[in-house]
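J.: What follows is a protein structure lacking sequence information:
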């Protein structure tokens, strides 16, 4: 299995898993190769969307967000956070580690012209953190930038 990029009709370079058999020539090793091929055929891409970082809660956990990847804000007066979350510094943060550490990994959704990134999730059955690819939007809170953040947050969950 190889991660490749392909040009699709939405004028975007989308990562996908190429299994190595058949297919067509619309697969590239790098974003640069894909872009060069698009330019060759006169395909113009839309403006790159800038990713907005999601605020962090205690232990490097991401604050809660809605179905459009917008960070949920709150005030301690009305605590309008989803069930299992509490208001901390204006953001909805997990109220306990189980909400984070006992859910499966979720690679999220692809963000236009963003590279997927290597992240870590806590695998409760293994009692350890495991690497996975994150595509830049959505997903869940079991998503840490470093192994150390992951294991330090979840090791006693």
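T.: Structure's in. What do you need? Treat the numbers as computed from the prediction; the structure is a model and nothing was measured. Numbers count the residues shown, from 1 in each chain.
J.: Okay, now the unreliable bits of the protein?
T.: 1-23, 40-54, 78, 111-115 (pLDDT under 70).
J.: Which parts of it belong to which domain?
T.: Per the record, the chain has its domains at 2-40, 58-154, by automatic domain parsing.
J.: Now do the end-to-end distance for the longest one.
T.: This points to domain 58-154. Here the two ends of domain 58-154 are set 12 Å apart, with distance taken as Cα to Cα, to the nearest Å.
J.: Single out the most deeply packed of the domains of the chain.
T.: The highest mean neighbour count among the domains of the chain, using mean count of other Cβ atoms under 10 Å, belongs to domain 58-154: a mean of 17. The way it works is simple: take the backbone N, C-alpha and C, and place the C-beta from them, glycine included.
J.: So which other helices or strands are in contact with the helix or strand encompassing residue 131?
T.: Secondary structure assignment for residue 131, by DSSP states H and E: strand 128-134. On a contact count with 3 or more Cβ pairs under 8 Å, 6 or more residues apart in numbering; DSSP states H and E, strand 128-134 meets strand 117-123, helix 147-154.
J.: What strands flank it, and is each parallel or antiparallel?
T.: strand 117-123 (antiparallel) (DSSP bridges).
J.: Contacts for the strand it pairs with, please.
T.: 100-101, 104-105, 128-134, 136, 142-147, 149-151, 153-154, 157 (Cβ atoms under 8 Å, 6 or more residues apart in numbering).
J.: try 7 Å this time
T.: 101, 105, 129-134, 142-147, 150, 154 (Cβ atoms under 7 Å, 6 or more residues apart in numbering).
J.: in the sheet, who's paired with the closest residue to residue 79 other than its chain neighbours?
T.: Among residues not flanking residue 79 along the chain, residue 87 sits closest, at 4.9 Å (Cβ to Cβ, 6 or more residues apart in numbering). For residue 87, the beta-bridge partners under DSSP bridges are residue 92.
J.: Residue 71 too?
T.: In this entry, residue 71 is beta-bridged to residue 65, by DSSP bridges.
J.: Is the residue nearest to residue 79 in contact with residue 81, as I believe?
T.: Yes - Residue 87 is in contact with residue 81 according to Cβ atoms under 7 Å; the separation is 5.6 Å.
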